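Student: Quick one: sequence plus predicted model below, questions after.
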Amino acid sequence: MKKTISLLLAMCMLLSIVPAMGVNVSAGGGTSYQIFSEDFETLSNIERWNFSDSDGMQNGWISSIGWFGDDELPAGGHFLASASYINDNAKEFFDGNYGIQNPDNLVMTPEIEIPAGFNTTLTFDVFAADPEYAEEKYTVYFDTGEMGYILHSERLDSTASFDSPKTVSVDLSNFAGQRGTITFRHHETSDQFMICLDNVRVLASETASETDMVNLEIFVVNGGYENAGIVTGEGTYAAGSEVTVTAIPNMGFGFWGWSAEGDIPICDTLSYTFTINEDTLLIADFFKAPFDDICGTDYYFEPIRWAVDEGITTGTSAATFSPNATCTRAQVVTFLHRSIGCPMPMPESPFIDVTGGEYYYDAVLWAAGSKITTGTSENTFSPNDTCTRAQVVTFLWRLFGCPTPSTGSNPFTDINSSAYYYNAVLWAVENGITDGTSATTFSPDATCTRGQIVTFLWRAAH
């Protein structure tokens, strides 16, 4: 496998690797208790970390979230990556220069307290994206704020790959009673490919008395569906530990949120991080989604639920929404028409290809009469043509009265100021309706999926 392979194909090799998600680990005949844990599965957790790009090439450690299509990666498969070479296929995932890199990239955990009276160990998985270009150097530090201590440093080789990640274990017992951050630094490497980091754990082995330990129990509410999803984080911890619990809904299910004993709401996010000081019971509440082909971890999950509740769509069948199917021009204007209460259309159709009796007839006539669309020609609408990203944001922009963007700054290299959709795209980005397909591209001619369109509508409405 060469480093010129596309990033997506390379990363899909991770399908064979499912990181361990248990909180209790047998080590040396005893039980270890989790002080800190990060699987990089959710952006909210990753945002707790600090990132530093010291080399100035604007390509630091980044998350793999967003690199994969739906259903291409199993639960527990995301990671952090830092590149020493970025090819043409991978550059859309990075913000800075591509080609050969000379990284000096740092990523730091939140502050962690190393407990006294325990044998404490740091473990993590590290591997290279390409076994033929795997000589990536990295160093791990423990930083107390006053001084940084080197914990581990090595240069990888082909044995630490996607197929066989290397698990590294480092003793932290010398730092007992101290608070600090753990830093992973990718440096002194050039023209290789990519180093990946996953499953960072800080574990305290059992040398304290039982009174220092507390239990975390998770009660799952699933509406009678045994396959609604799974939860991670349940187990025994040292009192005062930082704990992260995560709910992972299966396809066809969503997640209401976490609550405490007594049905006291805590949060509606998939992950919840807190400090555990006593025996604790948490409740994880799953629910059946309106369609079998969407999941609570999908970016379009809430927009689709909203669209169904508002009567904007009923799906492609009673059980399916088909979020990845392309959307036609007729479907898009129908969504728009329904989103504002199905106002009365103009009396006659100006288009020879839009006739009475079609589900989209009133919607197209309303859109034409409201100047949301002028058709694909003077007398045609082309209802069955797929709708592009540029067309969708233009329809939305016109629906909102063609507001002038407050800034003339254009972040996209593929959007020309003379394009009919120029102001619409800038307005959509400015209002958080879309942020493009990368930091520098909007892909105006790419077709829009049903999931993307209801997401645009939902963001515009909120």
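Tutor: Alright, I've got the coordinates.

Student: Give me the secondary structure label for the most centrally placed residue in the chain.
Tutor: Note on the chain: the residue nearest the mean C-alpha position is Ile65, at 4.2 Å, using C-alpha atoms, centre = their mean. For Ile65, the secondary structure call by DSSP: H, G, I helix; E, B strand; the rest coil comes out as coil.

Student: Repeat that for Ala424.
Tutor: Ala424 - assigned by three-state DSSP - is helix.

Student: need the strands for the stretch 151-300 of the chain, in chain order.
Tutor: For the stretch 151-300 of the chain, the strands defined by DSSP state E, counting those that start in this stretch occupy 166-171, 179-186, 194-205, 213-221, 229-232, 235-238, 241-249, 253-260, 264-267, 271-276, 280-288.

Student: The longest one packs against which elements?
Tutor: Under the contact definition 3 or more C-beta pairs under 8 Å, 6 or more residues apart in numbering; DSSP states H and E, strand 194-205 sits against strand 25-27, strand 30-38, strand 80-83, strand 119-128, strand 179-186. (Each C-beta comes from the backbone N, C-alpha and C, glycine too.)

Student: Dump the strands of the stretch 151-300 of the chain to TSV, plus mean neighbour count and distance to Ser153.
Tutor: TSV is the format used below for the strands of the stretch 151-300 of the chain (neighbours: other C-beta atoms under 10 Å; distance: least, C-beta to C-beta, whole Å):
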stretch	mean neighbour count	distance to Ser153
strand 166-171	14	11
strand 179-186	21	9
strand 194-205	23	13
strand 213-221	16	34
strand 229-232	20	31
strand 235-238	20	28
strand 241-249	23	26
strand 253-260	20	39
strand 264-267	12	38
strand 271-276	18	29
strand 280-288	20	38
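
Student: Would you mind saying which of the ones you listed lies nearest Val107?
Tutor: Closest of the strands of the stretch 151-300 of the chain to Val107 is strand 179-186, at 5.2 Å (criterion: C-beta to C-beta).

Student: that older thread, show me the one of the helices and strands packed on strand 194-205 that comes nearest Ser161.
Tutor: Among the helices and strands packed on strand 194-205, strand 119-128 comes nearest to Ser161, with 5.6 Å by C-beta to C-beta.

Student: and that closest one, how far from the chain's centre?
Tutor: Here strand 119-128 is found 23 Å from its chain centre; the criterion is C-alpha atoms, centre = their mean, to the nearest Å.

Student: Whichever helix or strand comes after it packs against which elements?
Tutor: Following strand 119-128 in sequence order, the next helix or strand is strand 137-143 (DSSP states H and E). With contacts defined as 3+ C-beta pairs under 8 Å, 6+ apart, strand 137-143 has these neighbours: strand 119-128, strand 148-155, strand 179-186.

Student: JSON lines please, covering those and showing distance to Tyr33 and mean pLDDT.
Tutor: Shown next, in JSON lines, are those (distance: least, C-beta to C-beta, whole Å; pLDDT from 0 to 100):
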{"stretch": "strand 119-128", "distance to Tyr33": "10", "mean pLDDT": "91"}
{"stretch": "strand 148-155", "distance to Tyr33": "20", "mean pLDDT": "86"}
{"stretch": "strand 179-186", "distance to Tyr33": "18", "mean pLDDT": "95"}
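
Student: what would these look like in TSV with distance to Gly369?
Tutor: Compiled in TSV, the helices and strands packed on strand 137-143 are given as follows (distance: least, C-beta to C-beta, whole Å):
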stretch	distance to Gly369
strand 119-128	59
strand 148-155	67
strand 179-186	58
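
Student: how near is the residue nearest to the centre of the chain to Ile86?
Tutor: 18 Å (C-beta to C-beta, to the nearest Å).

Student: Show the pLDDT at Ser161.
Tutor: Note on Ser161: pLDDT of 72.

Student: Skip the chain neighbours and tell me the closest residue to it.
Tutor: The shortest distance from Ser161 to any non-neighbouring residue, by C-beta to C-beta, 6 or more residues apart in numbering, is to Pro131 (4.4 Å).

Student: and the one you found, what pLDDT?
Tutor: At Pro131, pLDDT is 76.

Student: In a helix, Val429, correct?
Tutor: Yes. Per three-state DSSP, Val429 lies within a helix segment.

Student: Hmm, Thr441 and it touching each other?
Tutor: No. Using C-beta atoms under 8 Å, Val429 makes no contact with Thr441, being 11.9 Å away.

Student: more crowded one of the two?
Tutor: Val429 (21 against 15; other C-beta atoms under 10 Å).

Student: Contact partners for the more buried one?
Tutor: Contacts for Val429 (C-beta atoms under 8 Å, 6 or more residues apart in numbering) come out as Pro411, Asp435, Gly436.

Student: about what we covered before: return the distance of the residue nearest to Ser161 relative to Asn199.
Tutor: 20 Å.

Student: Could you chop this protein up by domain?
Tutor: For the chain, automatic domain parsing gives the domain ranges 7-205, 210-288, 301-461.

Student: Ok, which of those comes nearest Cys295?
Tutor: domain 210-288 (4.8 Å).
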